[in-house]
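Trainee: everything below, folded, please.
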Amino acid sequence: MPGVPILQVRNLCKSFPGVQALTDVSMAVQAGTVHALMGENGAGKSTLMKILIGLHAADAGEILFKGRPIRIKSPHDALSRGIAMIHQELLPFRNLSVAENIGMGREPTRWLPGWIDRPALARDATRVLGRLGCALDPNRMMDGLSVAEMQTVEIAKALAYDAELIIMDEPTSAISEREVEALFAVIRDLRQRGVTVIYISHKMDEIFRVADAITVLRDGHPIATRPSSALDAQRLISLMVGRDLAPPAATRGSRGEPALEVRGLTKPGQFRDISFTLRRGEILGLAGLMGAGRTDVVNAIYGLAPATSGEIRIHGRSVRISGPAAAIAAGIALVSEDRKEFGLVLPMSLQHNLTLASLRQRWIDQRQESALADAQIRSFGIRAAGRHQAVMHLSGGNQQKVVLAKAMLTEPDILILDEPTRGIDIGAKTEIYALINRLACAGRAVLLVSSELPELLLLSDRLLVMREGAVSAEFDTRQTTQEEILKFAMPA
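Mentor: A predicted model of the protein is given here:
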């Protein structure tokens with residue numbers, strides 16, 4: 001490893017109203033390495049990175065880049081210095097094309113200044129996307145992309161800047177296995193060319209595959225920096241959480257009567273002839289690659305984008321779900337894969353977000369609302385300054401807990417979870433696993449969509465695999481493997 005760090009952080013401190021996010025954080029990142037940053041949600045990882053790219057200003061401390069003290073005033077300033085970031089929370093220009101997003105600020109021109117060379121812009125975007133093994137049309141509009149496709153574009157955008165230091169905050173949280181492998185190949189190529197990567201992920205297997213060194217934060221404090229070769233998963237978890245984690249939930253008993261039946265659900269261009277039965281007390285997993293149609297199906301069941309044909313039956317009765325209000329009335333709750341787009345009203349308080357889907361009357365009993373909010377905050381372990389804190393100021397993991405807690409306040413019989421642990425740390429993930437299992441043990445029917453096959457195999461009783469908009473296989477999770485599932489998920 002080179003001897004001189006490309007980045008040094010010394011005694012960095014940062015606070016927000018009611019929260020001390022960072023306290024005397026110091027770390028050194030060697031040039032041409034992959035340096036992982038680990039910690040639970042709320043540990044301060046994203047805050048530290050946002051300071052490094054100029055989204056936040058530190059209250060105290062010093063940043064040195066290539067041996068010289070710097071003060072980063074804005075993301076554009078960071079880019080001009082050679083520092084780029086792939087954000088955990090997507091920040092696309094939704095009304096522009098894929099190529100325009102990737103080339104933003106560096107658009108090729110021709111003839112006269114200000115005249116964009118759009119063919120060149122599209123070619124540049126195609127070239128960068130090709131490095132990720134992605135054949136996304138550069139002329140597609142961003143607002144028509146899935147979350148996974150948007151995240152792929154964000155990765156391509158950072159790569160296009162040819163930065164000396166690239167920060168990757170949960171870059172694989174919503175992309176397919178094929179794209180993950182392509183990203184890891186890009187990271188290896190970047191390292192060989194002397195580019196430095198700071199890599200944030202809650203996925204242990206990823207960290208040990210790509211990282212040369214690991215720094216752990218806990219509650220805004222630096223805990224340790226170690227070579228990755230000096231740690232194993234259990235030791236790393238211990239450093240992150242500082243406590244023993246409960247084992248996975250116990251096996252559940254027999255299933256009950258059908259709670260949700262889907263027959264021949266079809267929406268041309270998205271999915272076709274989807275049929276399955278979900279019973280009370282059962283967790284039914286839904287697997288598939290990006291674009292297979294999983295999210296489209298659950299959105300149709302919940303009424304966000306209803307199917308054009310087919311039947312939905314709730315407890316044996318045929319129902320027409322024209323929108324989320326009808327779904328809630330039928331006893332269905334959805335935790336969406338995109339919490340910011342569909343799950344939260346970010347400027348509103350934690351209390352109002354928690355109770356928003358449960359309002360039953362015009363006049364609100366504020367005392368009862370406060371009591372319900374406090375109970376959910378305790379039950380779900382939401383870290384916040386209080387019930388009146390704006391949700392936008394919570395960490396990504398705590399925002400996800402708010403979405404789950406809000407869904408459960410509607411007292412659903414059927415719970416649809418679309419990527420419920422996306423961006424969630426190992427401690428919170430264990431808690432959510434236990435919660436999902438408790439809900440099933442209590443007789444709730446759970447439909448679980450996840451891109452993480454180990455998660456599906458751990459939690460689900462049965463597993464449906466989708467491929468190109470149709471169900472390609474069904475498995476008993478006790479009698480299958482990841483390899484067999486992937487065989488039916490890959491395009492024919």
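
Trainee: correct me if wrong, but Ser15 is in a helix.
Mentor: No - Ser15: not assigned to a helix; according to DSSP: H, G, I helix; E, B strand; the rest coil it is strand.

Trainee: in contact with it, which residues?
Mentor: Residues near Ser15 by Cβ atoms under 8 Å, 6 or more residues apart in numbering: 21-22, 59. (Each C-beta comes from the backbone N, C-alpha and C, glycine too.)

Trainee: export those residues to JSON lines and append columns for pLDDT, secondary structure and distance to Ala31.
Mentor: Shown next, in JSON lines, are the contacts of Ser15 (pLDDT from 0 to 100; DSSP: H, G, I helix; E, B strand; the rest coil; distance: Cβ to Cβ, whole Å):
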{"residue": "Ala21", "pLDDT": "91", "secondary structure": "strand", "distance to Ala31": "27"}
{"residue": "Leu22", "pLDDT": "95", "secondary structure": "strand", "distance to Ala31": "24"}
{"residue": "Asp59", "pLDDT": "96", "secondary structure": "coil", "distance to Ala31": "28"}
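
Trainee: give the buried subset of these as a PyMOL selection command.
Mentor: For the buried members of the contacts of Ser15, the matching PyMOL selection, counting by 16 or more other Cβ atoms under 10 Å, is:
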select buried, resi 21+22
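
Trainee: tell me how many other residues crowd Arg193.
Mentor: By other Cβ atoms under 10 Å, 9 other residues sit near Arg193.

Trainee: JSON lines for the contacts of Ser15, including distance to Asp338?
Mentor: Shown next, in JSON lines, are those (distance: Cβ to Cβ, whole Å):
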{"residue": "Ala21", "distance to Asp338": "24"}
{"residue": "Leu22", "distance to Asp338": "28"}
{"residue": "Asp59", "distance to Asp338": "32"}
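
Trainee: closest to Ala442 among the contacts of Ser15?
Mentor: Ala442 lies nearest to Ala21 out of the contacts of Ser15, by Cβ to Cβ, at 36.1 Å.

Trainee: so what's the residue nearest the centre of the chain closest to, chain neighbours aside?
Mentor: In the chain, the residue lying closest to the centroid (Cα atoms, centre = their mean) is Arg422, at 3.4 Å. Leaving out its chain neighbours, the residue that sits closest to Arg422 by Cβ to Cβ, 6 or more residues apart in numbering is Ser173, at 4.9 Å.

Trainee: ok, now Ser451?
Mentor: Glu419 (6.5 Å).

Trainee: what's the burial count for the closest residue to His393 other than its chain neighbours?
Mentor: Closest residue to His393 apart from its sequence neighbours, by Cβ to Cβ, 6+ apart: Phe16 at 5.8 Å. By other Cβ under 10 Å, the residues close to Phe16 number 12.

Trainee: from Ala58, how far out is Phe16?
Mentor: 12 Å (Cβ to Cβ, to the nearest Å).

Trainee: try Gln399
Mentor: In terms of Cβ to Cβ, Gln399 sits 23 Å off from Ala58.

Trainee: which of those two has more neighbours?
Mentor: With neighbours defined as other Cβ under 10 Å, Gln399 and Ala58 compare such that Gln399 has more, 23 against 20.

Trainee: packing partners for the helix or strand hosting that one?
Mentor: If you go by DSSP states H and E, Gln399 is part of helix 396-409. In terms of contacts (3 or more Cβ pairs under 8 Å, 6 or more residues apart in numbering; DSSP states H and E), helix 396-409 is packed against strand 332-335, helix 350-355, helix 366-380, helix 426-441.

Trainee: how about the residue of the chain most remote from its centre, secondary structure?
Mentor: Going by Cα atoms, centre = their mean, the residue of the chain most distant from its centre is Trp111, 42.4 Å out. At Trp111 the chain is in coil, as set by three-state DSSP.

Trainee: also Val153?
Mentor: helix.

Trainee: look up how far Leu136 lies from it.
Mentor: Between Val153 and Leu136 the computed distance is 7 Å (Cβ to Cβ).

Trainee: hang on, isn't Ile102 packed against Arg127?
Mentor: No - checked against Cβ atoms under 8 Å, the pair Ile102 and Arg127 is beyond contact range at 9.8 Å.

Trainee: and Leu284, helix, strand or coil?
Mentor: strand.

Trainee: pretty sure it is touching Asp461, no?
Mentor: Yes - between Leu284 and Asp461 there is a contact under Cβ under 8 Å: 6.9 Å.

Trainee: between these two, who's got more neighbours?
Mentor: Using other Cβ under 10 Å as the criterion, Leu284 and Asp461 rank with Leu284 on top: 23 against 19.

Trainee: list the contacts of the residue lying closest to the more buried one once chain neighbours are set aside.
Mentor: The spatially closest residue to Leu284, leaving aside those adjacent along the chain, is Leu278, at 4.9 Å (Cβ to Cβ, 6+ apart). Leu278 is in contact with 258-261, 284, 414, 445-447, counting by Cβ under 8 Å, 6+ apart.

Trainee: if we go to 10 Å?
Mentor: Listed by Cβ atoms under 10 Å, 6 or more residues apart in numbering, the contact set of Leu278 reads 255, 258-262, 284, 301, 414, 416, 445-447, 461-462, 464.

Trainee: which of the residues you listed tops the neighbour count?
Mentor: Within those, most neighbours by other Cβ under 10 Å means Ala445, with 29 neighbours.

Trainee: and it, what pLDDT?
Mentor: The score at Ala445 is 96. That number is its pLDDT.

Trainee: what about the strands in the stretch 201-350 of the chain?
Mentor: Counting by DSSP state E, counting those that start in this stretch, the stretch 201-350 of the chain has strands at residues 213-218, 221-227, 258-267, 271-279, 283-287, 309-314, 317-319, 332-335.

Trainee: can you redo those as JSON lines with mean pLDDT and distance to Gly381?
Mentor: Output for those, formatted as JSON lines (pLDDT from 0 to 100; distance: least, Cβ to Cβ, whole Å):
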{"stretch": "strand 213-218", "mean pLDDT": "95", "distance to Gly381": "15"}
{"stretch": "strand 221-227", "mean pLDDT": "94", "distance to Gly381": "19"}
{"stretch": "strand 258-267", "mean pLDDT": "96", "distance to Gly381": "28"}
{"stretch": "strand 271-279", "mean pLDDT": "97", "distance to Gly381": "28"}
{"stretch": "strand 283-287", "mean pLDDT": "96", "distance to Gly381": "21"}
{"stretch": "strand 309-314", "mean pLDDT": "96", "distance to Gly381": "31"}
{"stretch": "strand 317-319", "mean pLDDT": "95", "distance to Gly381": "34"}
{"stretch": "strand 332-335", "mean pLDDT": "94", "distance to Gly381": "16"}
